[in-house]
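1. My questions are about this predicted structure, shown below with the sequence.
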Amino acid sequence: MAPLDTDVAIETPEHIVFHYRVAGPARRALAYVLDLFVCYGVVLLLGVVVILAAMGGGLETGDLGAAAKAGMGLVLLALFAAQWLYFVVWEALYGQSPGKMAVGLRVVTVSGRPIGWRAASLRNLLRAADLLPVGYVAGVVSMALSSRFQRLGDLVAGTMVVVPERARAARPLELRPPAAPRELASLPEHVALDPDERSAIELLLRRRHSLGAAREHELASMIAGPLGARLGYSHRDPARMLAIVYDRAVNAGRLEAPPSSWRPQARRKRSKKNASTTPPAPGAPE
Amino acid sequence: MSVVASTLTEKAFADRRRREWEELNALTIKAQRGLAKLEAEDVVRISPLYRSICADLAAAQAARYSAPLVDYLLGLTAAAHTVVYGPHARGREDGRKGPLRHAWLVAFPRAVRRFKREMLLAAALFFVPFALGCLLTLRDPTFAFRVVPEAMLRPLTDAYAQGFDAGREAGEGALMAGFYVYNNVGIALRCFALGIFGGLGSAFYLVQNGLSIGAVLGYVGSQGAGENIVVFIVGHGSLELGAIVLAGGSGLSIGWSLISPGPLSRLASLQKRAREILVVVAGSSVMLFMAAAIEAFWSGSSAPREVKLAVGGTLFLLVLAYVLLAGRGSDEPPGELS
């Protein structure tokens, strides 16, 4: 994931830096509309139940009784809760409202921590200001001016809405089958790849299983040609050549196993799908 | 470990560490459904696992392992960070008493007194137009129509003219309670929120509400039902009008923190003041809930006039004493309220 200007770096107390991608107006509007459907849907449902109950009661007694009026009072309370409490409670407890859950957004403080009741209350009270003059114009202007897409409520509460990205565990690339001595004969001991070359080769090798043979050959030749000329190395299969060069550049001088304290683990879960480029580790029973 | 790991091939590194990564991954997914769902042994595991993932991430970045591995570890670190440094990790800021009790008995009245300048200004912005609206309408009843629609005033006047002998049936009371909560608490919260525009929004709401309530009072009075409306208002008035003033004062306060930030940046000043004043906003909402209950079930009831006046007067004194006196004995310095 290349850093973009919508990324916010978070430094943990352990001095580890990770990035959150800040959510823009489009995703947040989508989440908001979903939330409106959820909370006003519940209010509407309650209203329908009350009206049906009142009509049922009215048929028997001939007038809309006290219960119907009390029911309307309840609907008004629900309306209040939908307007002022719904977001506060969800965000304080889970860091996301149902709409944000569906879209994959989360509210965190600007330092990357989950928010509590105070921040959740403030950012959602200030919705009343963000809504002005009509349709969240104040909020969108504020988001445009802020570096973290913060509406007024976010500015006051010190929060931001992020898209937490969970990359799936990808197995490291492996050279399979291992390079034969004949293949390595003309390969230099030290192969230096710059980061662009490295990521280009990585991307290609990881996508190999989804490409047709001709396309794979075509794409691989585009990198393999100039690289082979530079290293003075050639191989009849450009993709295989890239895998060999990559393996040498990345793994040369590194240990296949840690020296002492390490024992092979007896059981290991497999979460990977594409075993074609990445077979199981040697010695690990499936 | 990082020394060893950085000399390992990526595959050897991942194979060696994967079991802990997967363990932490499973724990973070479990913790998202609520920390209470975690077993004791899970809680004990999270912290060391999180630290070792942090070390793994640093090692992976230093060893320049491939992007997918580093991204995976970054995502895992972020997820675990969310669990480890959640709100529960901050502990109770308010100390000895439970946070809610502390907010009620100490923090709320103290914050009101601490920002008394803003609260007094809010009171003036509300009660001066209130008195003005009342007096002008008493002199010339048509003035009320400029502030409140005539179609709303006439039935209102008729209702007050009838008096309260019939009382209010319970269903009607519940309906009105719902309406008062929806309407009045909404107004108070909006009155606070719009203070972010330099306090102008709060000032507008205060003046507008003061003027129209004053005009209604004056109009009903000019039509000969003045005594009835006073008897109606007196019960919940101290809580309701007081809460609107406090919410408006909180709005003025955040507005002023933007205009005059002192040694802080404007944003930092705004955030600090909003954190400090939130307890007043919450308190005024609770006051309005109480006022709604009183207004719906007591103010319109058929209780005798004298009793209503006495109860209203007592409540007024209680509210005043609470705001002025509560929480004074506590030894906590007022600056620590946030």
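-> Sure, I can see it.
2. For the helix or strand in which residue B:47 is found, list every residue counted as buried.
-> Per DSSP states H and E: residue B:47 is located in helix B:40-62. Buried residues in helix B:40-62, counting neighbours by 16 or more other C-beta atoms under 10 Å in any protein chain shown, are found at B:42, B:45-46, B:49-50, B:53-61. For the C-beta atoms, the positions are set from N, CA and C on the backbone; glycine is no exception.
3. phi, psi of the closest residue to residue B:207 other than its chain neighbours?
-> Of all residues not flanking residue B:207 in the chain, residue B:129 sits nearest, at 4.9 Å (C-beta to C-beta, 6 or more residues apart in numbering or on different chains). Main-chain torsions, residue B:129, degrees, to the nearest 10: phi -60, psi -30.
4. Can you tell me what sits against the helix holding residue B:47?
-> Residues from elsewhere that reach helix B:40-62 (C-beta atoms under 8 Å, 6 or more residues apart in numbering or on different chains): A:12, A:14, A:16, A:18, B:1-2, B:5-6, B:13, B:17, B:20-21, B:23-24, B:27, B:30-31, B:35, B:38, B:69-70, B:73-74, B:76-77, B:80-81, B:83-84.
5. Filter these down to just the ones in helices.
-> If you go by DSSP state H, these have B:2, B:5-6, B:13, B:17, B:20-21, B:23-24, B:27, B:30-31, B:69-70, B:73-74, B:76-77, B:80-81, B:83-84 in helices.
6. What's the PyMOL line that selects buried ones from these?
-> PyMOL command restricting those to the buried ones, with burial defined by 16+ other C-beta under 10 Å:
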select buried, chain B and resi 5+6+13+17+21+24+27+30+31+69+70+73+74+76+77+80+81+83+84
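7. Kindly identify which of the ones in helices among the contacts of helix B:40-62 also come near chain A.
-> Of the residues in the ones in helices among the contacts of helix B:40-62, proximity to chain A by C-beta under 8 Å from any C-beta of the partner chain holds for B:5, B:13, B:21, B:69, B:74, B:76, B:77, B:81.
8. In a markdown table: those residues, plus distance to residue A:213 and pLDDT.
-> Output for these, formatted as a markdown table (distance: C-beta to C-beta, whole Å; pLDDT from 0 to 100):
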| residue | distance to residue A:213 | pLDDT |
| --- | --- | --- |
| B:5 | 37 | 40 |
| B:13 | 32 | 84 |
| B:21 | 34 | 88 |
| B:69 | 28 | 85 |
| B:74 | 34 | 86 |
| B:76 | 36 | 88 |
| B:77 | 39 | 88 |
| B:81 | 44 | 86 |
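9. Closest to residue A:163 out of these?
-> Proximity of those to residue A:163 was ranked by C-beta to C-beta; the top entry is residue B:74 with 13.4 Å.
10. Point to the helix or strand of chain A where mean pLDDT is at its lowest.
-> helix A:181-184 (a mean of 74; mean pLDDT, DSSP states H and E).
11. Could you find the closest non-adjacent residue to the residue in chain B positioned nearest to chain A?
-> Distance from chain A to each residue of chain B (C-beta to the nearest C-beta) is smallest for residue B:171, at 2.6 Å. With C-beta to C-beta, 6+ apart as the criterion, residue B:171 has its nearest non-adjacent residue at 2.6 Å, and that residue is residue A:66.
12. Please name the residues that touch that neighbour.
-> B:169, B:170, B:171, B:172, B:174.
13. Going through those, which ones are buried?
-> Buried members of the contacts of residue A:66, counted by 16+ other C-beta under 10 Å: B:171, B:172, B:174.
14. doesn't residue A:77 make contact with the last one?
-> Think residue B:174. No. With contacts counted by C-beta atoms under 8 Å, residue B:174 stays clear of residue A:77, the gap being 9.4 Å.
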